[in-house]
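> Quick one, what's the 3D model for this:
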Amino acid sequence: MSLAYVALGSNLEQPADQIRAALAALATLAGTRLLSQSSLYLTTPVGYLDQPDFINAVAQLETELSPHQLLAALMQIEAGFGRERSFRNAPRVLDLDVLLYQDTVLDDPHLLLPHPRMHQRAFVMVPLAEIAPAQQVGEHGQAAAIAAALDCSGVIRLEPSA
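Numbering: from 1, shown residues only. Below is the predicted model of the structure:
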C-alpha cells in the first residue's frame with residue numbers, strides 16, 4: 001500500500017456538494033482507503049480570474065494503485081462528474097490532481113510527481129498542511145512551513161474536516 005495525496009477543486013454546480021461527492025467517490029476506489037480529508041476551503045481563482053471562487057480540499061489515500069492507475073481513476077471520476085477541459089484554468093465542475101505519491105519522483109508526459117506547482121499554491125498547501133503538516137513536499141520543505149510562507153489571504157476555511 002502507498003500513501004498518496006489528492007487535491008480536489010470545484011467552482012461550478014454547487015461546488016461544496018461536488019467536493020463532498022468526490023471525496024465519497026475516492027473512498028470507493030478499488031484497493032484504496034480514504035485515510036483523511038481536509039476541511040473545505042473557499043478560494044479565489046488563480047490564472048484565469050473571471051470565474052467563480054473555488055471550493056478546495058485535500059484527501060489522504062492509502063492505495064494499491066500505481067501512480068498512473070490512480071491518475072486514470074481520478075480522470076474517470078472527473079468524467080463521471082461531467083468535467084470538460086475547455087481551456088487552461090477554466091471553470092470546472094471537478095478537478096482532481098495527484099499531489100504526492102509516497103516518495104515518488106516522476107517526470108513523464110502524463111504525470112509529474114510531486115505536483116510541480118503545489119508548493120506555490122495556497123489553495124493546495126493550506127488544506128494539505130491541515131491534515132499532514134509534517135509532510136515533505138519534494139525539496140521545498142514541510143507542508144506547514146510552505147503554507148505559512150504563502151499569501152493565504154484568498155483561502156478561507158469553511159468547515160472542519162470530518
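> Beta-bridge partners for residue 98, please?
Residue 98 forms beta bridges with residue 6, as assigned by DSSP bridges.
> What is the burial count for it?
Neighbour count for residue 98, taken as other C-beta atoms under 10 Å: 23. (Glycine included, C-beta is placed from N, CA and C.)
> Quick one: residues contacting residue 82.
13, 93, 94 (C-beta atoms under 8 Å, 6 or more residues apart in numbering).
> Just the residues you listed: which are in strands?
Within those, no residue falls in strands by DSSP state E.
> Show me which of these are buried.
The neighbour count (16 or more other C-beta atoms under 10 Å) marks 93, 94 as buried among the contacts of residue 82.
> Format the contacts of residue 82 as TSV; extra columns: distance to residue 82 and pLDDT.
Converted to TSV, the contacts of residue 82 look like this (distance: C-beta to C-beta, whole Å; pLDDT from 0 to 100):
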residue	distance to residue 82	pLDDT
13	8	89
93	5	91
94	8	95
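> Pick the one among the contacts of residue 82 closest to residue 6.
Using C-beta to C-beta, residue 94 comes nearest to residue 6 of the contacts of residue 82, at 11.5 Å.
> Could you verify that residue 42 is part of a helix?
No. Secondary structure of residue 42 (DSSP: H, G, I helix; E, B strand; the rest coil): strand, not part of a helix.
> Just to check, it is in contact with residue 57?
No. Between residue 42 and residue 57 there is no contact, the gap being 10.9 Å when judged by C-beta atoms under 8 Å.
> who's more crowded, the two?
Neighbour count, other C-beta under 10 Å: between residue 42 and residue 57, residue 57 has more, with 28 against 17.
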